[in-house]
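S.K.: Got a predicted model here, sequence first, then my questions.
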2 protein chains.
Amino acid sequence: MENEMMTIRQMCDAFDVTPRTLRFYEAKELIFPVRDGQKRFYDRRDRGRLKLILRGKRFGFALEEMRQLLNLYDRGDAQEEQLTRTYEAARERLAQMERQRDELTEAIIELRAQLEHGAEMVAAFRKPAAE
Amino acid sequence: MENEMMTIRQMCDAFDVTPRTLRFYEAKELIFPVRDGQKRFYDRRDRGRLKLILRGKRFGFALEEMRQLLNLYDRGDAQEEQLTRTYEAARERLAQMERQRDELTEAIIELRAQLEHGAEMVAAFRKPAAE
DNA sequence: AGGATGCTTGACGTTAACGTAAGCCGGAAC
DNA sequence: GTTCCGGCTTACGTTAACGTCAAGCATCCT
């Protein structure tokens, strides 16, 4: 049933993206709809890829990263080594996110201290006393 | 002693920024060095502002936000209401950071689940089975 | 005098992920 | 037949915070 081709509009509705986005992803070689004259048609594979792209975005993967990951699984039949590489990429990304969160946490603590602990923040904003 | 003017280079060394950065901040009206012919000279006030700008950056304030905060304290003599406003700005920013951290934490949990909990992530990257 | 520095302005480049506008085309509805 | 709808392409605009030339003075040292 849902094995058939979809138009750009159907895709947009299904995935809540704009046509511009789909064409952009195509330009970036993330998806490869079939062209019938001027029109684009998206098959199951495109839908699968798009789904992953959007999921990846939620995890903070850049489009280029996703492209590489997706391409990894397009040539060759997903060998062990490549599966491993994907794991590694995901784990690296996870580590990045954790570092980022930690930095943020530190900054929060610092800022909170300034706010609660005294009027330093405000004082800091005051003009240096006239000489 | 350290009450005197500093050249752009002295500033760069003191604050670990590039000349480009100082000129950029000037163009954005964050600091206002005195000009003697071609040269720029930075006084205590500029140093104070720069210090705050850099501190603000660590907290994730945008330059434009910092400009507004700084300007708030330049006209008028820092009235209560304005001090309050700065507090509010800082608190808002804090809330933003906390939200951001929470989102990140969620994403981390999700991603971690995919990695630990099964081969879903990898499976997801696999081509849909040929029909 | 004649580099070698150091400072200046101005303008374009960078990164990401699209938004937006302009202008063209083909098919469908009236 | 003509208008309208949707799709198409191309290309510039957006945001932040500078980096990176390019090219021109002024000054300092020898």
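M.R.: That came through fine.
S.K.: so which strand or helix has A:Arg40?
M.R.: strand A:39-41 (DSSP states H and E).
S.K.: most centrally placed residue in chain A?
M.R.: Compute the mean C-alpha point of chain A, and by CA atoms, centre = their mean the closest residue is A:Lys57, 2.0 Å away.
S.K.: does whatever helix or strand A:Gln10 lives in come close to chain B?
M.R.: Using DSSP H and E, the element containing A:Gln10 is helix A:8-15. No - figure legend: helix A:8-15 not in contact with chain B (CB under 8 Å from any CB of the partner chain); closest approach 15.4 Å. All C-beta atoms are positioned from the backbone trio N, CA, C, and that covers glycine.
S.K.: one step back: pull the distance from the strand holding A:Arg40 to the chain's centre.
M.R.: 25 Å (CA atoms, centre = their mean, to the nearest Å).
S.K.: So for the next helix or strand after the helix holding A:Gln10, mean pLDDT?
M.R.: Reading on from helix A:8-15 to the C-terminus, the next helix or strand found by DSSP H and E is helix A:19-27. Averaged across helix A:19-27, pLDDT comes to 94.
S.K.: With stretch A:54-62 instead?
M.R.: According to the model, stretch A:54-62 has a mean pLDDT of 86.
S.K.: Centre of the chain to it, how far?
M.R.: Using CA atoms, centre = their mean, the offset of stretch A:54-62 from its chain centre is 3 Å.
S.K.: Could you list the alpha-carbon positions for that stretch in PDB?
M.R.: Output of stretch A:54-62 as PDB, limited to C-alpha atoms (Å, rounded to 0.1, in the frame of the first residue of the first chain):
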ATOM      1  CA  LEU A  54      15.000  14.000  10.900                       C
ATOM      2  CA  ARG A  55      15.800  11.700  13.700                       C
ATOM      3  CA  GLY A  56      19.400  12.600  13.400                       C
ATOM      4  CA  LYS A  57      18.600  16.200  13.500                       C
ATOM      5  CA  ARG A  58      16.900  15.700  16.800                       C
ATOM      6  CA  PHE A  59      20.100  14.300  18.100                       C
ATOM      7  CA  GLY A  60      22.000  17.200  16.800                       C
ATOM      8  CA  PHE A  61      23.700  15.500  13.900                       C
ATOM      9  CA  ALA A  62      24.600  17.900  11.100                       C
END
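S.K.: pLDDT wise, what is A:Phe125 at?
M.R.: 49.
S.K.: can you check A:Ala14 too?
M.R.: 91.
S.K.: for A:Glu120, same thing?
M.R.: A:Glu120 is given a pLDDT of 47.
S.K.: go on, A:Asp46?
M.R.: On the pLDDT scale, A:Asp46 gets 91.
S.K.: pretty sure it is in a helix, no?
M.R.: Yes - under the criterion used here (DSSP: H, G, I helix; E, B strand; the rest coil), A:Asp46 sits inside a helix.
S.K.: do the longest helix anywhere in chain A and chain B meet?
M.R.: Across chain A, the helix with the greatest residue count (assigned by DSSP state H) is helix A:80-117. Yes - using CB under 8 Å from any CB, we find that helix A:80-117 touches chain B at A:83, A:86-87, A:90-91, A:93-94, A:97-98, A:100-101, A:104-105, A:107-108, A:110-112, A:114-115.
S.K.: wait, does the strand holding A:Arg40 contact DNA strand D?
M.R.: Yes - using CB under 7 Å from any atom of the strand, strand A:39-41 comes into contact with DNA strand D via A:Lys39, A:Arg40.
S.K.: Report all helices and strands that that strand contacts.
M.R.: helix A:19-27, strand A:34-36 (3 or more CB pairs under 8 Å, 6 or more residues apart in numbering or on different chains; DSSP states H and E).
S.K.: Make a markdown table from these and add mean neighbour count to it.
M.R.: A markdown table is the format used below for the helices and strands packed on strand A:39-41 (neighbours: other CB atoms under 10 Å in any protein chain shown):
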| stretch | mean neighbour count |
| --- | --- |
| helix A:19-27 | 15 |
| strand A:34-36 | 10 |
